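Visitor: Task: produce atomic coordinates for the following.
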Amino acid sequence: MPKNDVVLLDSVLAEQRNEYGSSLSNAKYFELFTADQVLRDYDLSYTELEQGVVGGGGDGGLDSMYTFVNGELISEDFDFAAVKRAATIEFWVIQSKETSGFGETALDRATNTFADIADLTKSFDDLVELYDENMARRADCFRQALVQLAARHPQIVVHYVYATKGDLGDIRRPVRSRAESLKTAIERDIRHAEVSVDFIGASELLDFARAPRSYSVDIVFAEQFVSTARTNYVGLVRLDEFVRAVSVPDGTSLNRVLFDSNVRDFHGSVEVNEDIVASLKSDDDGLDFWWLNNGITILGSEATSAGKSVTVRDAQIINGLQTTHSIHQVASQSSGHVEGSNRHVLVKIVVTEDDGARDRIIKATNFQTPVPVASLRATDRLQRNIEDFLKENGWYYDRRKNFYKNLGRAREQIISIPYLAQSLMSIPLKQPDQARARPSTLIKDEVRYEALFSPDRPLEEYLYCVRTQRAVDAFLAARPQEYSPARRANIHFHVAMVATGVATNTWPYFPDGFAKIADHVVNEVEIETAAHFVSAQLAAFVDNTGWTEDRACKSSDFVAALLAAPIADSASGVTANASA
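Guide: Model (predicted):
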């Protein structure tokens with residue numbers, strides 16, 4: 001049967017790789033596929049998955065790496081000060097090999113690499129001396145989480161996964177011995193960490209791929225509930241039943257997929273949440289919990305009932321995140337206050353597949369307490385207009401995370417809100433340093449958000465930015481010998497800016513010049529000119545300052561140097577004249 005599973009897995013890989021729409025090699029796609037399956041409970045987007053893939057030269061034998069804080073994937077600009085509650089740090093490391101078995105060498109390399117990652121006396125620059133910069137950057141996210149959250153005594157969980165097309169039944173004793181040695185070494189180097197070392201073979205990957213990615217939850221109501229035409233429901237749910245409904249299968253954490261449409265994140269130990277926790281822990285059985293709380297609103301595309309149980313498809317908790325977190329927190333810390341308790345929470349289930357209605361409900365249920373307008377950006381009319389306009393032109397704007405991924409649209413046609421924001425920051429606003437330095441926090445500032453997504457900006461400009469940034473990314477990715485993953489991550493926004501200057505034949509370009517090419521599709525010659533120019537200027541800048549490329553590309557000083565230099569590329573014959 002394992003041999004048959006390999007054949008079937010190869011068929012799944014071929015089909016999904018075709019849907020992905022990429023020129024990635026089979027080995028590279030296997031790394032991405034494996035990470036997607038292993039981390040399926042986190043519901044990562046294509047962009048998030050790709051950022052964690054580090055396989056290649058200088059990777060220390062580790063193919064992908066992801067760090068989560070309280071279930072949220074973190075990147076270089078993560079705001080650790082915003083973590084207001086007890087923290088859980090999860091570090092996932094995956095080795096993905098298209099081999100037919102499991103070997104000792106991979107585990108030995110992992111042991112040595114983990115020792116360097118866990119050595120906090122080594123600086124980021126030290127890691128770059130030992131490994132590829134992209135791998136060092138991903139490892140440093142975990143290291144920064146350890147350092148920044150140390151005073152909060154975080155729970156630390158390290159997962160190492162070794163995945164191949166092999167059969168778990170064929171793993172030899174020396175390989176399992178090496179796995180135990182790796183686990184012991186990680187536990188020694190990262191004190192108090194909960195460590196797991198797991199093997200995944202062809203059969204397990206096939207099972208993962210076949211399992212539906214369900215957004216459905218089963219809500220079991222108490223006797224007190226009503227329905228409207230058997231599609232919308234409101235009633236009381238026992239606290240322990242509610243915890244089971246909103247948790248991952250093993251109950252250890254909340255299912256974050258249910259909160260993608262919620263405009264808030266958990267606020268930690270603020271007064272309102274402390275009151276919720278106090279109410280939950282109260283021994284006064286004369287007051288049911290729902291008397292003291294506004295309850296939970298769940299939005300779904302379909303709801304079906306069987307007795308007192310209602311199954312909600314595409315379930316999203318759009319109001320009540322603070323309550324949900326608080327209930328789960330109390331259940332985890334002191335189960336007697338939740339498990340077996342005869343207290344309830346009020347739950348509303350609203351069903352609609354109309355996008356406009358869904359957005360109105362999300363806004364309405366979240367205006368009861370102050371929320372920054374920027375937090376509601378995904379439901380803005382402008383965001384919907386951008387989505388519709390880009391779709392007309394062959395692009396899928398994922399303003400609702402993973403909406404188009406789950407529909408099976410090709411990865412190269414999907415554009416996330418952060419990606420569009422970065423391209424807007426780089427091209428119209430000519431600040432690629434900000435796009436590079438703030439990949440996740442760029443649009444959290446409302447002033448910056450309004451500058452990027454202005455109602456006065458023509459929709460054609462959004463399309464131009466998407467086309468240009470995607471074309472630049474494809475150009476650089478097709479030349480791995482010249483542009484390593486780390487180099488691409490550093491310069492691709494700068495190249496998009498300069499390519500626009502080449503296209504306008506004006507440098508620096510001005511808004512009126514930009515408007516003239518809004519319907520232009522940058523060509524390979526323009527991108528090549530821009531890439532050579534940026535690379536040459538970056539080399540000179542690094543030589544003069546002694547900075548790393550990473551630091552330079554996050555600096556406004558380097559952008560100023562680019563804008564001050566005339567663009568000329570004798571190889572392509574294209575010149576953009578400097579303009580005062």
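
Visitor: Assign the residue lying closest to Ala222 once chain neighbours are set aside to helix, strand or coil.
Guide: Sequence neighbours aside, Leu236 is the residue nearest to Ala222 in space, at 4.6 Å (criterion: Cβ to Cβ, 6 or more residues apart in numbering). Heads up, the C-betas are built off the backbone N, CA and C, glycines and all. Counting by DSSP: H, G, I helix; E, B strand; the rest coil, the backbone at Leu236 sits in strand.

Visitor: Kindly report the same for Phe533.
Guide: Classified using three-state DSSP, Phe533 is helix.

Visitor: surely it meets Leu563?
Guide: No - using Cβ atoms under 8 Å, Phe533 is not in contact with Leu563, being 11.6 Å away.

Visitor: more neighbours, the two?
Guide: Counted by other Cβ atoms under 10 Å, Phe533 and Leu563 do not tie: Phe533 has more neighbours, with 25 against 15.

Visitor: what's that one in contact with, if anything?
Guide: Val498, Leu562, Ala565, Ile567, Ala568, Asp569 (Cβ atoms under 8 Å, 6 or more residues apart in numbering).

Visitor: Can you give me the distance of the fifth one to Asn505?
Guide: When Cβ to Cβ, to the nearest Å is the yardstick, Ala568 and Asn505 sit 12 Å from each other.

Visitor: any idea how the protein splits into domains?
Guide: 2-210, 217-371, 376-578 (automatic domain parsing).

Visitor: which stretch in these has the least confidence?
Guide: Ranked by mean pLDDT, these bottom out at domain 217-371, which scores a mean of 75.

Visitor: which SSE is Val345 in?
Guide: Secondary-structure assignment from DSSP states H and E places Val345 in strand 344-351.

Visitor: contacts for that strand?
Guide: Strand 344-351 has contacts (Cβ under 8 Å, 6+ apart) with 219, 221-222, 231-239, 242, 288-290, 293-303, 310, 312, 323, 327, 361.

Visitor: Over to stretch 199-211?
Guide: Residues outside stretch 199-211 that contact it (Cβ under 8 Å, 6+ apart): 1-2, 5-6, 8-9, 12, 16, 33-34, 37-38, 40, 102, 161-168, 171, 179.

Visitor: The helix or strand containing Tyr66: what's the following helix or strand?
Guide: Using DSSP H and E, Tyr66 falls within strand 64-69. Using DSSP H and E, the helix or strand that follows strand 64-69 in sequence is strand 72-73.

Visitor: Okay, now the sheet partners of that next one, with direction.
Guide: Strand 72-73 has the following sheet partners, assigned by DSSP bridges: strand 64-69 (antiparallel).

Visitor: Send over the partner strand as PDB, restricted to the C-alpha atoms.
Guide: Output of strand 64-69 as PDB, limited to C-alpha atoms (Å, rounded to 0.1, in the frame of the first residue of the first chain):
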ATOM      1  CA  SER A  64      11.100  25.700   6.200                       C
ATOM      2  CA  MET A  65      10.800  27.600   9.500                       C
ATOM      3  CA  TYR A  66       7.800  29.300  11.100                       C
ATOM      4  CA  THR A  67       7.400  31.100  14.500                       C
ATOM      5  CA  PHE A  68       4.100  31.700  16.100                       C
ATOM      6  CA  VAL A  69       3.300  33.800  19.100                       C
END
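
Visitor: Can you give the distance of it from its chain's centre?
Guide: Centroid separation for strand 64-69 versus its chain: 10 Å, with Cα atoms, centre = their mean, to the nearest Å.

Visitor: Go through stretch 222-240 and flag the buried ones.
Guide: The neighbour-count check on stretch 222-240 (16 or more other Cβ atoms under 10 Å) flags Phe225, Asn232, Tyr233, Val234, Gly235, Leu236, Val237, Arg238, Leu239, Asp240 as buried.

Visitor: and the second one, what are its bridge partners?
Guide: According to DSSP bridges, the residues that bridge with Asn232 are Thr228.

Visitor: Can you say which helix or strand has Ala303 in it?
Guide: Ala303 belongs to strand 302-306, assigned by DSSP H and E.

Visitor: Quick check: what element follows that strand along the chain?
Guide: Next along the chain after strand 302-306, taking DSSP H and E as the criterion, comes strand 309-313.

Visitor: What pairs with that next one, parallel or antiparallel?
Guide: strand 217-220 (antiparallel), strand 302-306 (antiparallel).

Visitor: just to revisit the earlier point, any chance of the buried residues of stretch 222-240 in TSV, plus distance to Ser253?
Guide: Formatted as TSV, the buried residues of stretch 222-240 follow (distance: Cβ to Cβ, whole Å):
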residue	distance to Ser253
Phe225	27
Asn232	29
Tyr233	26
Val234	27
Gly235	26
Leu236	25
Val237	20
Arg238	20
Leu239	17
Asp240	16
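
Visitor: Name the nearest of the residues you listed relative to Asp398.
Guide: Asn232 (27.5 Å; Cβ to Cβ).

Visitor: my read: the closest one touches Ala303, true?
Guide: Yes - Asn232 sits in contact with Ala303 when judged by Cβ under 8 Å, with a separation of 7.3 Å.

Visitor: Tell me where the stretch 301-450 of the chain has strands.
Guide: Taking DSSP state E, counting those that start in this stretch, the strands of the stretch 301-450 of the chain run over residues 302-306, 309-313, 316-319, 344-351, 396-398, 414-416.
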